[in-house]
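quick one: sequence plus predicted model below, questions after.
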Number of protein chains: 2
Amino acid sequence: MAKYERIADDLRQKILSGELAPGARMSAETSLTEQYKVSLPTMRQALGVLRAEGLIESHHGIGTFVRKPRQKIRRTTDRYQWEKDRVRLSDGKRAATGATERDTGLKFNDLEFYAKYDAIEADDDLAQVFNVPHGTKMLRRLYRTRTKSENSPLSLIYSYLVYDVVKANPELLDEENEPWPGGTQHQLYTLGIELDRIVDEISTRPPTPDEVEQLDLTQGIAVFNLRKISIDTGDRVVEVSNVILPGDRTEFVYMTKLKRWDA
Amino acid sequence: MAKYERIADDLRQKILSGELAPGARMSAETSLTEQYKVSLPTMRQALGVLRAEGLIESHHGIGTFVRKPRQKIRRTTDRYQWEKDRVRLSDGKRAATGATERDTGLKFNDLEFYAKYDAIEADDDLAQVFNVPHGTKMLRRLYRTRTKSENSPLSLIYSYLVYDVVKANPELLDEENEPWPGGTQHQLYTLGIELDRIVDEISTRPPTPDEVEQLDLTQGIAVFNLRKISIDTGDRVVEVSNVILPGDRTEFVYMTKLKRWDA
DNA sequence: GAGTGGTCTAGACCACTGT
DNA sequence: CAGTGGTCTAGACCACTCC
């Protein structure tokens, strides 16, 4: 077994056993090289292994620390029905709280919303999902929600709608109207659209360099890619969202109710 | 910007643009050091970045290759109802095909099953999920399914049942009876248990060194951790599975049907 | 300024694969 | 055997953070 693996194993065991507690500062790299009697690059390779496993994180000029488990965001299956039930409530009640607050347990005032709209032409992928011709004009909406306290972004959302459908209500074309009380389901409601079902496709992949920066990830932490497809009562795809969620903070919970056997 | 980042950016662009096609063999490291006029460790650092992004993979003694996108396993929401519907079919029909074949599109004969049973005492986590005392005797079942063609494992499954519940049917205590036609839902049926609902909790994390080996992953590829909780018609937790799935091959699809607004 | 992690080098040797 | 990637060293310099 390689030296760096032995060192990584040793340090991993110390972390998992609690000898090195979450949040604890580790010895400096130069000091560790003396302890383990190896060269600096070898020591750094060992630490790189633990970093990729999400066990430690290093901060330039400060030190290397044992990583604390992060607060999970639970995204549950009943979220969508909850949103639908709220669509026809009064404006005030809808504005009081949103789905993000529900997932995180945070308050409206803890969060900072950012939205940006633009128009694009449907690429092959979008054209296929929406079942519209390639090049169809689409409204693309970009959302970012950050917590004020930690200044940590919760997700990156890219939402797509067919432009000609949306323009029936010009208020929906203006990003200044975000955050919209009641969210997308209420926005669609103003167009006379009722949702029949929502399909979630969940995959995971390594983050792009851009996402590492935007979501404040450390090396080795994957992202969830959630594609959410909303289908209306006429079996038409009316909205598609790509939601990028940090893998270390997110948990999905889906409940499948089964039919009873006939008596 | 650091040298290794410039090199990684350059190679990444070549891969994404298709100049380096999927499956293509890259120049040897020593050759790349000459091209980019850097030292070997720096070159290796650049390649390490791309490896962590899942774009390339290296094989000792052979070379470094552009990674091909892998065939996805789709795990859909209607899988559980499909399993339940099959529980009361004849033995022959149940034996003909299983849920794994359904997810992957493979045939029974393409797959190699492995099961190992043992008895353990419930730790805090299991005791809480099952709502039984700490230390309760549990049947732990370990499953591995591999494709014969690729010899690539599809998942690692750890399934837990309360021992005293299972022992009513001694056949369920013997791993030699696996693969059991109709799977866990049919096994529970022989105990007189009918499932009411199944809750899936999905999270993602970096693989442990053991999982990297078992699932044939490369550095930087996360795993899905699916905790599947089966609840019977008496609101009792009857089975819990932890399923470890390779992040680069798996996609979850969940459909949420919404109630209609009152007319 | 002192201490930390981040980058980089030139060169050595080893381990694995295929011929 | 030749060619490949994997490991390791000793030492240098830089960039960042805190005091």
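Received it, and whenever you're ready, just let me know what you need.

how far does stretch A:67-83 sit from its chain's centre?
Distance of stretch A:67-83 from its chain centroid, counting by CA atoms, centre = their mean, to the nearest Å, is 10 Å.

likewise for stretch A:196-206?
Between the centre of stretch A:196-206 and the centre of its chain there are 12 Å (CA atoms, centre = their mean).

contacts for it next, please.
With contact meaning CB atoms under 8 Å, 6 or more residues apart in numbering or on different chains, stretch A:196-206 is reached by A:80, A:222-233, A:235, A:247, A:252, A:254, B:52-54, B:72, B:202, B:204, B:220-222, B:224, B:247-248, B:250-258, B:260. Glycine gets a C-beta too; all of them are placed from N, C-alpha and C.

in strands, which of the residues you listed fall?
Those of the contacts of stretch A:196-206 mapping onto strands are A:223-232, A:252, A:254, B:202, B:204, B:224, B:250-257, per DSSP state E.

for DNA strand C, what are the nearby residues on the stretch 1-150 of chain A?
A:26, A:28-31, A:40-41, A:44, A:58-64 (CB under 7 Å from any atom of the strand).

drop anything exposed from the ones in strands among the contacts of stretch A:196-206.
Buried by 16 or more other CB atoms under 10 Å in any protein chain shown: A:223-232, A:252, A:254, B:202, B:204, B:224, B:250-256, out of those.

what about chain B: which of the residues of the stretch 1-150 of chain A next to DNA strand C touch it?
When contact is defined as CB under 8 Å from any CB of the partner chain, those meet chain B at residue A:41.

for ChimeraX, write a command that selects the buried ones of the residues of the stretch 1-150 of chain A next to DNA strand C.
Provided next is the ChimeraX selection string for whichever of these are buried by 16+ other CB under 10 Å:
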select /A:26,44,58,64
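
of the residues of the stretch 1-150 of chain A next to DNA strand C, closest to chain B?
Set against chain B, the nearest of those by CB to the nearest CB is residue A:41 (6.9 Å).

doesn't residue B:42 make contact with that closest one?
No. Contact criterion CB atoms under 8 Å: residue A:41 and residue B:42 do not qualify, at 11.3 Å.

in the stretch 51-200 of chain A, which spans are helices?
Applying DSSP state H, counting those that start in this stretch to the stretch 51-200 of chain A gives helices spanning A:79-86, A:91-96, A:99-104, A:124-130, A:163-166, A:183-189.

please tell me how far residue A:14 sits from residue A:58.
Residue A:14 sits 17 Å away from residue A:58, going by CB to CB, to the nearest Å.

so in chain A, which helix runs the longest?
helix A:3-17 (DSSP state H).

okay, buried residues for that one please.
A:4, A:7, A:8, A:11, A:12, A:15.

with adjacent residues omitted, what lies nearest to the closest residue to chain B within chain A?
Closest residue of chain A to chain B, CB to the nearest CB: residue A:222 (3.4 Å). Among residues not flanking residue A:222 along the chain, residue B:222 sits closest, at 3.4 Å (CB to CB, 6 or more residues apart in numbering or on different chains).

what's near enough to touch the one you found?
A:204, A:206, A:221, A:222, A:247, B:204, B:205, B:206, B:207, B:247.

could you rerun that using 10 Å?
Contact analysis of residue B:222 by CB atoms under 10 Å, 6 or more residues apart in numbering or on different chains lists A:54, A:204-206, A:220-224, A:247-248, B:54, B:203-207, B:246-248.

ok, residue A:97 next?
A:86, A:107, A:108, A:181.

kindly report the same for residue A:82.
Residue A:82 neighbours (CB under 10 Å, 6+ apart): A:76, A:99, A:102, A:185.

so the first one bridges to which residues?
The reference is to residue A:76. residue A:253 (DSSP bridges).

give me the neighbour count for it.
Using other CB atoms under 10 Å in any protein chain shown, the number of residues around residue A:76 comes to 16.

run a quick check on it versus residue A:251, I expect a contact.
Yes. Using CB atoms under 10 Å, residue A:76 is in contact with residue A:251, at 9.2 Å.

shared neighbours of those two, anything?
A:103, B:201.

now the closest residue to residue A:53 other than its chain neighbours: how far from residue A:214?
Spatial nearest neighbour of residue A:53, excluding adjacent residues (CB to CB, 6+ apart): residue B:206 at 4.8 Å. Going from residue B:206 to residue A:214 by CB to CB gives 20 Å.

could you say what helices and strands the helix or strand of chain A with the lowest mean pLDDT packs with?
The helix or strand of chain A with the poorest confidence is helix A:209-214; it has a mean of 78 (mean pLDDT, DSSP states H and E). Helix A:209-214 sits against strand A:153-162, strand A:223-232, strand A:237-246, helix B:3-16, with contacts defined as 3 or more CB pairs under 10 Å, 6 or more residues apart in numbering or on different chains; DSSP states H and E.

check contacts around residue A:68.
For residue A:68, the contact set (CB under 10 Å, 6+ apart) comprises A:21, A:22, A:23, A:24, A:57.

from DNA strand D, how far off is it?
Shown here: residue A:68 relative to DNA strand D, a distance of 17 Å by CB to the nearest atom of the strand, to the nearest Å.

just residue A:56 next, same as before
17 Å.

what's the neighbour count on that residue?
22.

quick check: phi and psi on the residue lying closest to residue A:43 once chain neighbours are set aside?
Among residues not flanking residue A:43 along the chain, residue A:33 sits closest, at 4.7 Å (CB to CB, 6+ apart). Here is the backbone geometry of residue A:33 (degrees, to the nearest 10): phi -60, psi -40.

one more: residue A:69?
Per degrees, to the nearest 10, the backbone of residue A:69 is at phi -60, psi 140.

so how far is DNA strand C from it?
According to CB to the nearest atom of the strand, residue A:69 and DNA strand C sit 21 Å apart.

show me chain A divided up by domain.
Chain A is divided into the following domains under automatic domain parsing: A:3-66, A:73-253.

point out where the stretch 101-250 of chain A drops to low pLDDT.
A:149-152, A:219 (pLDDT under 70).

any idea how far the residue in the stretch 151-263 of chain A positioned nearest to DNA strand D is from residue B:9?
Nearest to DNA strand D in the stretch 151-263 of chain A, going by CB to the nearest atom of the strand, is residue A:216, at a distance of 13.8 Å. To residue B:9, residue A:216 is 21 Å away according to CB to CB.

same question, residue A:54
Taking CB to CB, one finds residue A:54 at 25 Å from residue B:9.

for chain A, which residues are neighbours of DNA strand D?
Taking CB under 7 Å from any atom of the strand as the criterion, the neighbours of DNA strand D within chain A are A:2-5, A:37-42, A:45, A:59-62.

return the subset of the residues you listed lying in strands.
Using DSSP E, the members of the residues of chain A next to DNA strand D that fall in strands are residue A:59.

and the residues of chain A next to DNA strand D, which is closest to residue A:114?
residue A:59 (26.1 Å; CB to CB).

and the pLDDT for that closest one?
According to the prediction, residue A:59 has pLDDT 90.

tell me what it is bridged to.
Applying DSSP bridges to residue A:59 gives these bridge partners: residue A:63.
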